[in-house]
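Asks: sharing a model that was predicted from the sequence below.
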Amino acid sequence: MPSIEEAVEALLTSKKQSPNRLAALGTHLIERFQATGLKLEPGDATEVGIRGLGRQKDWDLAFVLAGKPRLLISLKSILKNLAGTVPNRLDDLMGEAANVQQLSPEIVIGYVVVMDEAEDSNRREGDGTWSDHFESNLNKIAIRKAPLWNQGLIEAAWVIRINSKRPVSQRLSRPQAISEHSIRFVGNLLSELYLREPTLRPLDKAKDRGL
């Protein structure tokens, strides 16, 4: 399984227009979920049938049950022009989530974004940096749990902050926090998925032995 550091390095060394820049990060998550017994796959709208009210959309990762997507994950990166990109990304995320939730309100959605603090700057409003602003507002969106099934909200988010100007293997900002957030991200998605699809919940050892 690619480590988070390896996934970040693959992103930074890929061509800017490459559609596979975040493939290593996707593989990292696929194997993390596979260890729990959940098989994720690329979320191709034509193959998986990920329809929204307005249009079909390709999601980076999807878990499909009985021909219907139950869990979707979007992978993004913000490496340049944070001041110009951050506001649009928040709007895009809420629109994309609401689009699919219109037809499948029970669907679970996760969002992962790699942000380069080397390109960060303070906001004119004087309330911190653009990366701080983005993560703070993202956390306000990632609160969707029954009965709060508002469209446009999501179930979990994971921000991977990096600094591309640091040496290889030292690019992660606050690596301990990133690791802890990744555990919460996977756990929160699984928790919501199991609540909505109880048959997917792994049996504990005692129940498996019939005790």
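Replies: Everything's here; your move.
Asks: out of the helices and strands in this structure, which is least certain?
Replies: Lowest by mean pLDDT, DSSP states H and E among the helices and strands of the chain is helix 205-208, with a mean of 42.
Asks: list of residues touching the lengthiest helix in the chain?
Replies: Within the chain, and with DSSP state H defining each element, the longest helix by residue count is helix 175-196. The contact list for helix 175-196, computed with Cβ atoms under 8 Å, 6 or more residues apart in numbering, reads 4, 29, 32-33, 36, 38, 63, 70-71, 73, 106, 108, 110, 112, 144-146, 155-161, 172, 200-201. From N, CA and C alone the C-beta is placed, and that goes for glycine too.
Asks: out of those, which sit inside strands?
Replies: Restricting those to those inside strands, with DSSP state E as the criterion, leaves 63, 70-71, 73, 108, 110, 112, 156-161.
Asks: how about the residues you listed in CSV, adding pLDDT, distance to Arg89 and neighbour count?
Replies: As requested, the ones in strands among the contacts of helix 175-196 are exported to CSV (pLDDT from 0 to 100; distance: Cβ to Cβ, whole Å; neighbours: other Cβ atoms under 10 Å):
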residue, pLDDT, distance to Arg89, neighbour count
Phe63, 93, 24, 22
Arg70, 91, 25, 18
Leu71, 94, 21, 26
Ile73, 95, 16, 25
Val108, 96, 20, 25
Gly110, 97, 15, 25
Val112, 97, 12, 24
Ala156, 98, 16, 23
Ala157, 97, 11, 23
Trp158, 97, 14, 23
Val159, 97, 11, 20
Ile160, 97, 14, 23
Arg161, 96, 15, 21
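Asks: tell me which of those is nearest to Asn150?
Replies: Val108 (14.3 Å; Cβ to Cβ).
Asks: run a quick check on the closest one versus Leu65, I expect a contact.
Replies: No: with contacts defined as Cβ atoms under 8 Å, Val108 does not count as touching Leu65, sitting 11.3 Å away.
Asks: what's the distance between stretch 178-189 and the middle of its chain?
Replies: A distance of 10 Å separates the C-alpha centroid of stretch 178-189 from that of its chain, computed with Cα atoms, centre = their mean, to the nearest Å.
Asks: repeat that for stretch 107-114.
Replies: Its chain's C-alpha centre and that of stretch 107-114 lie 3 Å apart, by Cα atoms, centre = their mean.
Asks: one more: stretch 149-169?
Replies: Stretch 149-169 has its C-alpha centroid displaced from the chain centroid by 7 Å (Cα atoms, centre = their mean).
Asks: from the opening residue of that stretch to its closing one, how far?
Replies: 40 Å (Cα to Cα, to the nearest Å).
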